[in-house]
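Trainee: no sequence for this one, just the structure:
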């Protein structure tokens, strides 16, 4: 898990969004691709609020693969225990390393929720 900070300045009257981040974030690639296509809503509507929505949606969507990976680890561990097998030391280390990652995702999703509430 690698944490990234993204900051948006939204100026709806001027139809402008300024986005700052430390490095290229690949989960925005789909949004930028849509900007280059001629018949997409982002291009046709020329509305900064749609762009902001698309960027927020990309951030939210980026968390799902991580959560699915974590769920898979827990399901495997649960199956081991239910089948009467003891987890290996590797399983214990893996589970203990997931806890801070889950907390980070939860914290960031909570901050995102608060930001959306303020919009």
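Mentor: Thanks, I have it. Given the structure is predicted, the values throughout are model-derived calculations rather than measurements.
Trainee: Tell me which stretches of the chain form helices.
Mentor: Along the chain, counting by DSSP state H, helices occupy 29-36, 41-45, 48-82, 89-118.
Trainee: For the shortest one, what does the pLDDT average out to?
Mentor: Mean pLDDT, helix 41-45: 75.
Trainee: Show me what that helix is packed against.
Mentor: Contact partners of helix 41-45 among helices and strands, from 3 or more Cβ pairs under 8 Å, 6 or more residues apart in numbering; DSSP states H and E: helix 29-36, helix 48-82. In short, each C-beta sits where N, CA and C put it, glycine included.
Trainee: buried stuff in it?
Mentor: residue 42 (16 or more other Cβ atoms under 10 Å).
Trainee: Work out the gap between it and the centre of the chain.
Mentor: In terms of Cα atoms, centre = their mean, to the nearest Å, the gap separating the centre of helix 41-45 from the centre of its chain is 23 Å.
Trainee: ok, residues contacting it?
Mentor: The contact list for helix 41-45 (Cβ atoms under 8 Å, 6 or more residues apart in numbering) reads 31, 34-35, 37, 50-51, 54.
Trainee: which of the helices and strands packed on helix 41-45 is buried the deepest?
Mentor: Highest mean neighbour count among these (mean count of other Cβ atoms under 10 Å): helix 48-82, with a mean of 14.
Trainee: Report the mean confidence score over it.
Mentor: pLDDT averaged over helix 48-82 gives 84.
Trainee: from the chain's centre, how far out does it sit?
Mentor: 7 Å.
Trainee: returning to what we had before: with respect to residue 11, which of the helices of the chain lies nearest?
Mentor: helix 48-82 (7.2 Å; Cβ to Cβ).
Trainee: could you give the angle of that closest one to helix 89-118?
Mentor: 150 degrees (axes from the mean of the first three to the mean of the last three Cα atoms, to 10 degrees).
Trainee: tell me the angle helix 48-82 makes with helix 29-36.
Mentor: With the same axes, to 10 degrees applied, the angle from helix 48-82 to helix 29-36 works out at 150 degrees.
Trainee: got a list of what residue 86 touches?
Mentor: Taking Cβ under 8 Å, 6+ apart, one finds residue 80 in contact with residue 86.
Trainee: mind checking how far it is from residue 79?
Mentor: Using Cβ to Cβ, to the nearest Å, residue 86 is found at 13 Å from residue 79.
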